[in-house]
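> kindly generate the corresponding structure for this input.
(2 chains)
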Amino acid sequence: MPPPTPVTPMIRDVLEASLRSALDSVGVQPPETIELERPARREHGDWSTNVALALAKAAGTNPRELATRLVAALEADPPRHVERVEVAGPGFVNFHLAPTWLHEVLTEVVTQGEEGYARHDFGNGERVQVEFVSANPTGPIHVGNGWFASYGDSLGRLLERCGYEVTREYYVNDTGGQIRRLGESVLARRAGRPLPEGGYPSGFVKGLASAYDGPEDVEQAGRWAAEHILRFIKVQLEAINIHFDEWFSQASIEESEAVEETIEELRKSGLVWEEDGAIWLDTGAHGDPRGKRVLRKSPEQGGDYTYLAGDIAYHRNKFLIRGFDRVINVWGADHQGQVASLKAGVAALGVDKDRLEVRIGQMVSLSSGRIGKRLGNAVDLDDLVEDVGPDVMRVLSLVASIDQAPTIDLEKVRADSKESPVYYVQYAHARIHSIGKRASELGVTRAPLDEVDLSPLTHERELEVLRTLSTLPEVVELACVERAPHKVTAWVRELADRFHSFYHDCRVLGDDVPPATTQARLWLVEATRVGLAIGLDLLGVAAPESM
RNA sequence: GCCCUCGUAGCUCAGGUGGACAGAGCGACCGCCUCCUAAGCGGUAGGCCGCAGGUUCGAAUCCUGCCGGGGGCACCA
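Residues are numbered from 1 along each chain as shown, chains lettered A, B, ... in the order given. Next comes the predicted model:
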């Protein structure tokens, strides 16, 4: 869906254009890009530029002098909404805008709505696959998997909002030793034998074993169990509002000719050779510090294809068979060592390795020694979700960057779940609906926006809400480009914060509120609702109408 | 040893593609409900932004080194 045309030219563009002509008029060559930022401090205005700092040297003057001349030029022909321009500090040029620019923001938000506001098209319909979680189906997924699940899903939502066509994929390791060990565990449990070396001790597997009534065959028992486990993993993920488009079977790669075909194709690169009975790939040619990797083991080692060979075949399928323009894999830091080899493999297939992006999330760990009621050393995702709810879980995992290695204190999380930032945000959303309800009880109806005068919106609390709202398009863009959904979390908290303050200080309804003010505020409230709805949706969290 | 990543307030973290006196939540302390949900609001206390150099008009942010935490360097997946 293409983003709607802005109702008015963005203020930023207006300011930039004026700055260019101002630079021209003082005889300074305007730079390619003019930096315009929103100062951290209110008294520094609504927008600020450092051009004078940056260009003073080239202009043969000092920053404040240049800034002063720029201000004079700007004052001669002030841009729309600009109330005052001033030189500040070492040579910043600060723009102080009239509230009218924020009234335009309000109009923008409301007319574009949940669908349109802060939507971008720079993705150009590029087909992106986001592969995440992909945990082995040898037991329920745990809290750490859930962390990356939230991340991957929200990243997908951001990409969609920015014009990419997203496919969410879970790579199912349903093959080989993994499955055989699982089968052995099931059979051993069923027969009451001790678990084999490397077996799966979880209660879940134990439970499955008692339900298994198939033959005493390791493969079959393993497949059967994996299917059941996978079904449960789906339930766990759906419980936190995550739905995959594709559950891609590793067996489908390894049991077809795909790996052989891939190696044949790799040979064309001239980077494949045989040595000591094994097949090797020169990964160093494409930047892998390890230099070379085995694709097929020597006969003495069993003669199997390596995991890497299968993985390259899988990525050949992604790029060359299914034709994704870009692939983003979300991996835990424990897989970091695979990145360079895989990228080299992809490059050897003739695919630009920049089309493969691997986001490494740092390891999630649990602080409490006592981790779960079940055997094993992980806490199942559903156990936590059952206690704190999906929204707390999702936001908890989306407050920090994935470059942080969180240590989760589950006791604390459970005890403090009521204090979760989600509720702070959701409460703001609920309050908005409460205002709507109250309005209809009072028989107050909101007039059409184009008939409402927004000029009563001058209270600092009102303006703060609008300033935050004005920021969402850039936040969404940045969060998407940087693959950083936690920036949305921060924004949504800020908006809720501003709204709560407004709610406290500015009454929307009541006998002592002038009708014109009520009308304008009702629209301010609606704009806030739109902003919260967009933000919460990007986080995959509910926007409740009451709490 | 080499590579990746982190080190910001008591705790959990924002900010990090350089900018103007360092932010939030929780915790602590003090206030605020005859009024649209107090899951809220306002205020106070609390930080040589790991350490040392360097680049720059300007560094929490960039570079180098060191210290500390996590992860990785298989013919394992």
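> look through chain A and state the residue closest to RNA strand B.
Closest residue of chain A to RNA strand B, C-beta to the nearest atom of the strand: A:G337 (2.2 Å). Yep, even glycine has a C-beta here, placed from its N, CA and C like the rest.
> what's the distance between that residue and A:S150?
25 Å (C-beta to C-beta, to the nearest Å).
> who has more neighbours out of these two?
A side-by-side neighbour count of A:G337 and A:S150, using other C-beta atoms under 10 Å, places A:S150 first with 27 against 10.
> what helix or strand is that one located in?
Assigned by DSSP states H and E, A:S150 falls within helix A:143-161.
> what packs against that helix?
Helix A:143-161 sits against strand A:127-131, strand A:165-172, strand A:326-332, strand A:356-361, helix A:381-388, helix A:390-396, helix A:460-481, helix A:515-539, with contacts defined as 3 or more C-beta pairs under 8 Å, 6 or more residues apart in numbering; DSSP states H and E.
> which parts of chain A are strands?
A:36-37, A:47-49, A:82-88, A:92-97, A:127-131, A:165-172, A:246-249, A:272-275, A:278-281, A:293-296, A:326-332, A:356-361, A:365-366, A:407-408 (DSSP state E).
> what pLDDT is listed against the residue lying closest to A:P289 once chain neighbours are set aside?
Counting by C-beta to C-beta, 6 or more residues apart in numbering, A:A340 is the residue found nearest to A:P289 once chain neighbours are left out, at 6.2 Å. A:A340 carries a pLDDT score of 95 in this model.
> list the residues that contact A:G27.
Residues near A:G27 by C-beta atoms under 8 Å, 6 or more residues apart in numbering: A:A59.
> swap the cut-off to 10 Å and go again
Going by C-beta atoms under 10 Å, 6 or more residues apart in numbering, A:G27 touches A:59, A:69.
> just the pLDDT at it, thanks.
According to the prediction, A:G27 has pLDDT 87.
> switch the strands of chain A over to JSON lines; also include distance to A:L182 and mean neighbour count.
Output for those, formatted as JSON lines (distance: least, C-beta to C-beta, whole Å; neighbours: other C-beta atoms under 10 Å):
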{"stretch": "strand A:36-37", "distance to A:L182": "54", "mean neighbour count": "15"}
{"stretch": "strand A:47-49", "distance to A:L182": "59", "mean neighbour count": "21"}
{"stretch": "strand A:82-88", "distance to A:L182": "66", "mean neighbour count": "18"}
{"stretch": "strand A:92-97", "distance to A:L182": "63", "mean neighbour count": "22"}
{"stretch": "strand A:127-131", "distance to A:L182": "22", "mean neighbour count": "22"}
{"stretch": "strand A:165-172", "distance to A:L182": "13", "mean neighbour count": "20"}
{"stretch": "strand A:246-249", "distance to A:L182": "15", "mean neighbour count": "16"}
{"stretch": "strand A:272-275", "distance to A:L182": "33", "mean neighbour count": "12"}
{"stretch": "strand A:278-281", "distance to A:L182": "28", "mean neighbour count": "20"}
{"stretch": "strand A:293-296", "distance to A:L182": "25", "mean neighbour count": "21"}
{"stretch": "strand A:326-332", "distance to A:L182": "21", "mean neighbour count": "21"}
{"stretch": "strand A:356-361", "distance to A:L182": "25", "mean neighbour count": "18"}
{"stretch": "strand A:365-366", "distance to A:L182": "24", "mean neighbour count": "16"}
{"stretch": "strand A:407-408", "distance to A:L182": "27", "mean neighbour count": "15"}
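> between the ones you listed, which gets nearest to A:G540?
Among the strands of chain A, the nearest to A:G540 by C-beta to C-beta is strand A:165-172 (11.5 Å).
> angle of that closest one against helix A:143-161?
With axes from the mean of the first three to the mean of the last three C-alpha atoms, to 10 degrees defining the directions, strand A:165-172 sits at 160 degrees from helix A:143-161.
> direction included, what does strand A:165-172 pair against?
Here strand A:165-172 is paired, per DSSP bridges, with strand A:127-131 (parallel), strand A:246-249 (parallel).
> next, format the strands of chain A as a markdown table and append distance to RNA strand B and mean pLDDT.
Shown next, in a markdown table, are the strands of chain A (distance: least, C-beta to the nearest atom of the strand, whole Å; pLDDT from 0 to 100):
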| stretch | distance to RNA strand B | mean pLDDT |
| --- | --- | --- |
| strand A:36-37 | 7 | 88 |
| strand A:47-49 | 3 | 92 |
| strand A:82-88 | 4 | 92 |
| strand A:92-97 | 4 | 93 |
| strand A:127-131 | 15 | 98 |
| strand A:165-172 | 10 | 97 |
| strand A:246-249 | 12 | 96 |
| strand A:272-275 | 7 | 94 |
| strand A:278-281 | 4 | 96 |
| strand A:293-296 | 3 | 96 |
| strand A:326-332 | 7 | 96 |
| strand A:356-361 | 6 | 96 |
| strand A:365-366 | 7 | 86 |
| strand A:407-408 | 6 | 88 |
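> what would these look like in CSV with distance to A:V186?
Listed next are the strands of chain A as CSV, based on distance: least, C-beta to C-beta, whole Å:
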stretch, distance to A:V186
strand A:36-37, 60
strand A:47-49, 64
strand A:82-88, 71
strand A:92-97, 68
strand A:127-131, 28
strand A:165-172, 18
strand A:246-249, 20
strand A:272-275, 39
strand A:278-281, 33
strand A:293-296, 30
strand A:326-332, 26
strand A:356-361, 31
strand A:365-366, 27
strand A:407-408, 30
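> to A:E441, which of those lies closest?
Ranking the strands of chain A by their distance to A:E441 (criterion: C-beta to C-beta) puts strand A:92-97 first, at 37.0 Å.
> now do the helix holding A:S150 against strand A:356-361, angle only.
Helix A:143-161 runs at 130 degrees relative to strand A:356-361, counting by the same axes, to 10 degrees.
> quick check: mean pLDDT across helix A:143-161?
If you average the pLDDT over helix A:143-161, you get 96.
> right, is that helix up against RNA strand B?
No. Using C-beta under 7 Å from any atom of the strand, helix A:143-161 stays clear of RNA strand B, coming no nearer than 10.5 Å.
> now that helix: buried residues?
A:143-161 (16 or more other C-beta atoms under 10 Å).
> quick one: low-confidence ranges for the stretch 251-400 of chain A?
Regions of the stretch 251-400 of chain A meeting the criterion pLDDT under 70 cover residues A:368-377.
> could you rerun that using 50?
A:369-375 (pLDDT under 50).
> residues from it in reach of RNA strand B?
Counting by C-beta under 7 Å from any atom of the strand, the stretch 251-400 of chain A comes close to RNA strand B at A:275-278, A:289-290, A:293-294, A:297-298, A:300-302, A:304, A:306-308, A:333-338, A:360, A:362-363, A:399-400.
> and if we set it to 6 Å?
For the stretch 251-400 of chain A, the contact set with RNA strand B under C-beta under 6 Å from any atom of the strand comprises A:276, A:278, A:290, A:294, A:297-298, A:301, A:304, A:306-307, A:333-338, A:360, A:362-363, A:399-400.
> just the buried residues out of these, in PyMOL syntax.
Buried residues among these (16+ other C-beta under 10 Å), as a PyMOL selection:
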select buried, chain A and resi 278+294+297+306+338+360+362
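> contact residues of the stretch 51-200 of chain A facing RNA strand B?
So the stretch 51-200 of chain A meets RNA strand B at A:53-54, A:88-90, A:92, A:94, A:173, A:176-178 (C-beta under 6 Å from any atom of the strand).
> need those residues in CSV (columns: distance to A:R529).
Formatted as CSV, these follow (distance: C-beta to C-beta, whole Å):
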residue, distance to A:R529
A:L53, 40
A:A54, 40
A:A88, 36
A:G89, 38
A:P90, 41
A:F92, 35
A:N94, 32
A:N173, 43
A:G176, 51
A:G177, 53
A:Q178, 47
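> rewinding a little: tell me what angle the helix holding A:S150 forms with helix A:381-388.
Using the same axes, to 10 degrees, the inter-axis angle of helix A:143-161 relative to helix A:381-388 is 80 degrees.
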